[in-house]
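Peer 1: Test case, fold it:
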Amino acid sequence: MRNARKKRDIPITGFMAKWYDKNTRTSRILEMKRYADLVSDVTAKGALVLEVAPGPGFLAIELAKRGFVVTGVELSEDFVAIEKNNAKEEGVSVEFKQGNASDLPLPDGKVDFVVCSAAFKNFSKPLKALEEMYRVLKPGGIALILDMNRENTKEDIDLEMQNYPDMKGFDRFFVKFSFKTFLRNGAYSQKEFQDMIADTHFARSDIKKYGIGFQVWLYK
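Peer 2: Down below sits the predicted model:
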């Protein structure tokens, strides 16, 4: 079981933060809308939602547009600045703050829903991050982790890239290369997720495969 990583939590900064912001807004915005719909399907409007590691903040922004009260906790100070600017441009209010997934700057039992998209595989202390999600959830709250499946084949990834027809040139090459190498290598299998969840206090869980990833639903 891979409960800890032999690496530090290193924030994405500078050029890479700006590139990720550009890449997300041009090729993944529809994906962010679909993720926001998943939350809307099971959570009442006005609920308190936390996004862990929101990157450029587009999922948090989509959630705010749907009437949720949203907080985002992000390791990178550069991303926090980008998130705030993106929310301002979209005319929505989101509380973005700097913090670590393994030590969330929120009180116990604060939020109704926690979501984490495409970031969990990067956490150096994944089990601690799960424990923190549990801690900040209200009784009966839900957490949703959306991330890559390590057991994908290269053929699976080639098929997934068809969902990004507008991504061209270097951006397309780099994303495809990332999927096939370090992102997949750092991701978890379904069994590894199940083993980690078994070491938490969540009452139950449900793991659903989608594309090259998982929806990991956790219920307090």
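Peer 1: Please make it C-alpha for all contacts and neighbour counts, starting now.
Peer 2: Will do.
Peer 1: Surely E74 touches P56?
Peer 2: No. Between E74 and P56 there is no contact under C-alpha atoms under 8 Å: 9.4 Å.
Peer 1: where do the contact lists of those two overlap?
Peer 2: Common neighbours of E74 and P56 (criterion: C-alpha atoms under 8 Å, 6 or more residues apart in numbering): V80.
Peer 1: looking at this, Y20 is in a helix?
Peer 2: Yes. Membership of Y20 in a helix is supported by DSSP: H, G, I helix; E, B strand; the rest coil.
Peer 1: give the contact list for M133.
Peer 2: Counting by C-alpha under 8 Å, 6+ apart, M133 touches V114, A143.
Peer 1: That one - that's part of a helix, no?
Peer 2: Yes. According to three-state DSSP, M133 belongs to a helix.
Peer 1: mind checking pLDDT for G109?
Peer 2: Looking at G109, its pLDDT is 98.
Peer 1: Excluding chain neighbours, give the residue nearest to it in space.
Peer 2: K138 (4.1 Å; C-alpha to C-alpha, 6 or more residues apart in numbering).
Peer 1: The one you found: what's it in contact with?
Peer 2: Contacts for K138 (C-alpha under 8 Å, 6+ apart) come out as D108, G109, K110, V111, D112, K220.
Peer 1: pLDDT value on it, please?
Peer 2: 98.
Peer 1: In the helix or strand hosting it, which residues are buried?
Peer 2: According to DSSP states H and E, K138 maps onto strand 137-148. Residues L137, K138, G141, I142, A143, L144, I145, L146, D147, M148 are the ones in strand 137-148 that count as buried (16 or more other C-alpha atoms under 10 Å).
Peer 1: Can you tell me how far the residue of the chain most remote from its centre is from N23?
Peer 2: Ranking residues of the chain by C-alpha distance from their mean position (C-alpha atoms, centre = their mean) puts G169 at the top, at 25.6 Å. Per C-alpha to C-alpha, to the nearest Å, G169 is found 12 Å from N23.
Peer 1: what's the spacing between K18 and P139?
Peer 2: The span separating K18 from P139 equals 37 Å under the rule C-alpha to C-alpha.
Peer 1: swap that for D37, please
Peer 2: From D37 to P139 the distance is 22 Å (C-alpha to C-alpha).
Peer 1: quick one: low-confidence ranges for this structure?
Peer 2: Counting by pLDDT under 70, the chain contains low-confidence ranges at 1-8, 176-183.
Peer 1: Show me the helices in it, by range?
Peer 2: Ranges of helices in the chain, per DSSP state H, are 14-27, 29-42, 58-65, 77-90, 126-136, 154-160, 169-180, 182-186, 190-198.
Peer 1: Among the ones you listed, which comes closest to A101?
Peer 2: helix 126-136 (5.2 Å; C-alpha to C-alpha).
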